[in-house]
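>>> only the shape, not the letters, is given here:
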């Protein structure tokens, strides 16, 4: 699958207005596009950050949907967003949860890598970090996204609630250290977000 992510920053006082609009319209707009496979909306209310990702069955479906929706997306993010960054990725590992209830949280790690190591990095996550995370109480699912052209990647993990997220930090730190060493990546950032909305349609 392929994923389009949006990372927007702005005035925290205006964040709820943007979230309200996205909650009301995003899933309907996305689901009307061919190849739609899911959507997540996440927020850091204190700092004023909105990040979201939409999942697509092919790179072409992602591109076509972006052409159709980018204007309305920009409108929904205003007047909150002072900066907006859009990226595209391939989901090289995906263990998505069947569902995530109210109060779920999301941890996002971003890294740089050498494109020649892409397969090794994916294997390190699939065979090492992800199985370790699946033993952590409250862990619901995770995925690794890579952009081999730009040599950037990210790992996202969903947790049942804030308490589970907080309690997982020690175990996650150990798994992350092993995965970074095994994959030979350069860690760039680590962030945590409230899950505002998660749509995971089931496709047989």
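Yep, that arrived. Here the structure is a predicted model, which is why all the values come from computation and not from measurement. Numbering: from 1, shown residues only.
>>> now residue 16: how far from residue 45?
Using C-beta to C-beta, to the nearest Å, residue 16 is found at 8 Å from residue 45. For glycine as for every other residue, the C-beta is placed from the backbone atoms N, C-alpha and C.
>>> which SSE is immediately downstream of the one helix or strand residue 156 maps to?
Using DSSP states H and E, residue 156 sits in strand 152-159. Downstream of strand 152-159, the first helix or strand assigned by DSSP H and E is helix 162-167.
>>> parallel or antiparallel, list what pairs with the strand holding residue 156.
In the sheet, strand 152-159 lines up against strand 105-112 (antiparallel), strand 139-147 (antiparallel) (DSSP bridges).
>>> make CSV out of those strands and add distance to residue 12 and mean pLDDT.
Below are the strands paired with strand 152-159 laid out as CSV (distance: least, C-beta to C-beta, whole Å; pLDDT from 0 to 100):
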stretch, distance to residue 12, mean pLDDT
strand 105-112, 18, 98
strand 139-147, 26, 97
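>>> of the ones you listed, which is nearest residue 34?
strand 139-147 (21.2 Å; C-beta to C-beta).
>>> and the helix or strand bottoming out on mean pLDDT in the chain, how far out from the chain's middle?
Least confident helix or strand, the chain: helix 169-183 with a mean of 87, by mean pLDDT, DSSP states H and E. A distance of 18 Å separates the centroid of the chain from that of helix 169-183, by C-alpha atoms, centre = their mean, to the nearest Å.
>>> quick one: list the elements packing against that helix.
strand 105-112, helix 118-124, helix 130-133 (3 or more C-beta pairs under 8 Å, 6 or more residues apart in numbering; DSSP states H and E).
>>> what does the longest one rub up against?
Meaning strand 105-112. 40, 42, 51, 151-159, 161-162, 164-165, 168, 172, 176, 180, 185-195 (C-beta atoms under 8 Å, 6 or more residues apart in numbering).
>>> let's see 7 Å
Identification of contacts with strand 105-112 by C-beta atoms under 7 Å, 6 or more residues apart in numbering yields 42, 151-159, 161-162, 165, 176, 185-195.
>>> which among those end up buried?
Listed as buried from those are 42, 151-159, 161, 165, 176, 185, 191-195; burial here means 16 or more other C-beta atoms under 10 Å.
>>> most tightly packed of the strands paired with strand 152-159?
strand 139-147 (a mean of 23; mean count of other C-beta atoms under 10 Å).
>>> list the contacts of that one.
In contact with strand 139-147 (C-beta under 7 Å, 6+ apart) are residues 3, 87-97, 100, 104, 118, 122, 125, 130, 133, 153-160, 168.
>>> go through the helix ranked longest in the chain and flag the buried ones.
The residue-count maximum for a helix in the chain (DSSP state H) belongs to helix 59-77. When burial is assessed from 16+ other C-beta under 10 Å, helix 59-77 yields the following buried residues: 61-62, 65-66, 69, 73, 76-77.
>>> hmm, back to that, between the least confident helix or strand of the chain and strand 139-147, how big is the angle?
30 degrees (axes from the mean of the first three to the mean of the last three C-alpha atoms, to 10 degrees).
>>> quickly run through the sheet partners of the one helix or strand residue 198 maps to, with directions.
Using DSSP H and E, residue 198 maps to strand 186-199. Strand 186-199 has the following sheet partners, assigned by DSSP bridges: strand 36-44 (antiparallel), strand 105-112 (antiparallel).
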